[in-house]
Each structure stands twice: as structure tokens, then as C-alpha cells.
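**Student:** from the sequence below, what's the structure:
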Amino acid sequence: MRRVDFSAAAKAEKQMIDLSVQILQFTKNFSETKPGNYLRKRLLECGVSPVINLGEAMVAKEDKEHMLKISLCMKDLKETIALLKMAARGAVCNEPEDIKSASEKCRDVIVILTQASQD
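**Tutor:** Got it, this is the predicted structure:
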């Protein structure tokens, strides 16, 4: 794994910001049940943190720190996909198109970061 260049990071950052805003918007409509509240909380944590970790990765002075932050981005994006699947199957959100769109954005960012760190 190598450092993600600024061009790929900028592309990933734009997608992550769009994803974060989307998650902030549609989690407002989650059911007010124990599962709905749990998934809302976890999605807000995992769905918003990748863009913050990416910013920290891009200013990291050491390669080791950079790679750690990129790995955290990937972990949180994959966790977000799993949480979105749970939200869809658990019927805590009545907006399946938003869940599908958010999942696609997560996958897109994972592809961008994976390709950028392998080139």
C-alpha cells in the first residue's frame, strides 16, 4: 500500500462529503425504536468519520500514520455498507433509494482509495 495522491484524495473527499450529508439527512427519518436509534447512531459515526480520517491522512507526516488513517477510512466505509444493509432489512428507514445510493457511494470511494493506494 502506498500513499494516496492528492488528486485521488480530492475525488474521494467529494464523494465522502456527499455521503456524509446524505447520511445526516436520511437518518433523521429512522424509526424511533431501539434498533432505529442504534443504527442511526452507528451510521452517523461510521458514515461521517471517513472524510475526517482522509483529511488527517493527507496531512500525515509519516507513511505509517497515512496508511493507518486510510485503513480506518476503508474500515468505516465497509462498516457503513453493512449498517445500511441492516437498516434496509430491518425496515428502520422508509427510503430504500437513499440507502442504495449511500451504499453505492461507499463502494465508489472504496474503489477510488484502493486503486489510488495500489498504483
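**Student:** what ranges does the chain have for its strands?
**Tutor:** With DSSP state E as the definition, the chain shows no strands.
**Student:** show me the shaky parts of it.
**Tutor:** Flagging of the chain using pLDDT under 70 yields the residue ranges 1-2, 119.
**Student:** what is the distance between stretch 71-81 and the centre of its chain?
**Tutor:** 6 Å (C-alpha atoms, centre = their mean, to the nearest Å).
**Student:** show me what that stretch is in contact with.
**Tutor:** Residues outside stretch 71-81 that contact it (C-beta atoms under 8 Å, 6 or more residues apart in numbering) are 16, 19, 23, 42-43, 46-47, 49-50, 53-54, 57, 102-103, 106-107, 109-110, 113-114. Where C-beta positions appear, they are placed from N, C-alpha and C, glycine not excepted.
**Student:** can you flag which of the residues you listed belong to helices?
**Tutor:** Mapping the contacts of stretch 71-81 onto helices (DSSP state H) picks out 16, 19, 23, 42-43, 46-47, 49-50, 53-54, 57, 102-103, 106-107, 109-110, 113-114.
**Student:** show me what counts as buried in stretch 70-89.
**Tutor:** With burial defined by 16 or more other C-beta atoms under 10 Å, the residues of stretch 70-89 counted as buried are 70, 72-74, 76-77, 79-81, 83-84, 86-88.
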